[in-house]
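I'll drop the sequence and a predicted model, then ask my questions.
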Amino acid sequence: MYRKYFKRIFDIVTALCLLVFFFPICILVAIAIKVDSKGPVFADVPERVGQRGEKFKMYKFRSMIQNAHELLRTDKRFIQLYKEYKKGSYKLRNDPRITKTGKFIRKHSLDEIPQLLNVLRGEMSLVGPRAYYPDELENQQKEHPNTKKYVQNALSVKPGITGLWQVTGRSEINFDKRIAIDAKYVDNISFIEDLKIIIKTPLVMITGKGAI
């Protein structure tokens, strides 16, 4: 009952409340981004993979230099960096593309706030699996063939702004363990479990534990 009906209602009501609450912070973050570096307020990144493999545009505050995603894959200056990126489960510990403001908002997950708009649009949920880039998901499954069943399970629901893996270890967890945690969440979706994850999320945001 919760998974089919109440979860969506809970998402809409909570997302609206959080947007009102975070509105002043969003204004400050937007100003800081524009003052700190050249480029748009929102990140110019490719679509993500959502429920049933459908792609969607995820809203995030820009935390990197303009066109950072494309530059990593095409600019000769970042050849070695891209290799490290793929080797590190599509995460970089010392990413030179991140701006000063970006470093702060990423540490405290403030860059994720605009995803509340994705929740209202029905593309995401407050709690759910991570939303991966298409090439990331494809390459990681090649590297970890045993994860295909977990991926299928994770894609059966909407991705979340926060989730079980985020409050467990965030970027410190590699893909194979991360997707297994996401699959475990899907198998045990309930209002109580979602509430536990939501309650733990502010502490993770404040401490910045596991963030890259």
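On my side now, so go ahead. Numbering: from 1, shown residues only.

from now on I want contacts and neighbour counts done on CA atoms only, so please keep to that.
Will do.

helices and strands around the top helix by length along the chain, which ones?
If you go by DSSP state H, the chain has its longest helix at helix 7-36. Here helix 7-36 touches helix 100-107, helix 115-120, strand 125-127, going by 3 or more Cα pairs under 8 Å, 6 or more residues apart in numbering; DSSP states H and E.

those: which one's closest to residue 37?
Proximity of the helices and strands packed on helix 7-36 to residue 37 was assessed by Cα to Cα; the nearest stretch is helix 100-107, lying at 8.6 Å.

what packs against that closest one?
Secondary-structure packing of helix 100-107 (3+ Cα pairs under 8 Å, 6+ apart): helix 7-36.

check which element follows the helix it packs on along the chain.
Per DSSP states H and E, the first helix or strand lying C-terminal to helix 7-36 is strand 48-49.

show me what that following strand is packed against.
Counting contacts by 3+ Cα pairs under 8 Å, 6+ apart, strand 48-49 packs against strand 55-56.

mind running it again at 10 Å?
Where contact means 3 or more Cα pairs under 10 Å, 6 or more residues apart in numbering; DSSP states H and E, strand 48-49 is packed against strand 55-56, helix 134-143.

neighbouring contacts of that strand?
Here strand 48-49 makes contact (Cα atoms under 10 Å, 6 or more residues apart in numbering) with 54-58, 130-137, 155, 158-159.

and for stretch 187-196?
1-3, 6-7, 10, 126-128, 153-154, 162-164, 167, 181, 185, 198-199, 201.

select only the buried ones of those in ChimeraX?
To isolate the buried members of these in ChimeraX, using 16 or more other Cα atoms under 10 Å:
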select :7,126,127,128,153,154,162,163,164,167,181,185,198,201
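
return the closest of the contacts of strand 48-49 with respect to residue 101.
Out of the contacts of strand 48-49, the member with the shortest distance to residue 101 (by Cα to Cα) is residue 58, at 19.8 Å.

report how many residues lie close to the closest one.
Residue 58: 24 surrounding residues under other Cα atoms under 10 Å.

how much space between it and residue 167?
Using Cα to Cα, to the nearest Å, residue 58 is found at 20 Å from residue 167.

and if you look at residue 197?
Remark: distance between residue 197 and residue 167 (Cα to Cα) = 7 Å.

highest mean neighbour count out of the helices and strands packed on helix 7-36?
Among the helices and strands packed on helix 7-36, strand 125-127 has the highest mean neighbour count (mean count of other Cα atoms under 10 Å), at a mean of 25.

CA atoms only: put stretch 75-86 into PDB for me.
Written as PDB, here are the backbone C-alpha positions of stretch 75-86 (Å, rounded to 0.1, in the frame of the first residue of the first chain):
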ATOM      1  CA  ASP A  75      39.800  17.600 -23.000                       C
ATOM      2  CA  LYS A  76      43.300  16.200 -23.300                       C
ATOM      3  CA  ARG A  77      44.200  17.900 -20.000                       C
ATOM      4  CA  PHE A  78      41.900  15.500 -18.200                       C
ATOM      5  CA  ILE A  79      42.900  12.200 -19.800                       C
ATOM      6  CA  GLN A  80      44.600  10.900 -16.600                       C
ATOM      7  CA  LEU A  81      41.900  12.300 -14.500                       C
ATOM      8  CA  TYR A  82      39.200  10.400 -16.500                       C
ATOM      9  CA  LYS A  83      41.100   7.200 -16.000                       C
ATOM     10  CA  GLU A  84      41.100   7.800 -12.200                       C
ATOM     11  CA  TYR A  85      37.400   8.700 -12.400                       C
ATOM     12  CA  LYS A  86      36.500   5.300 -14.000                       C
END
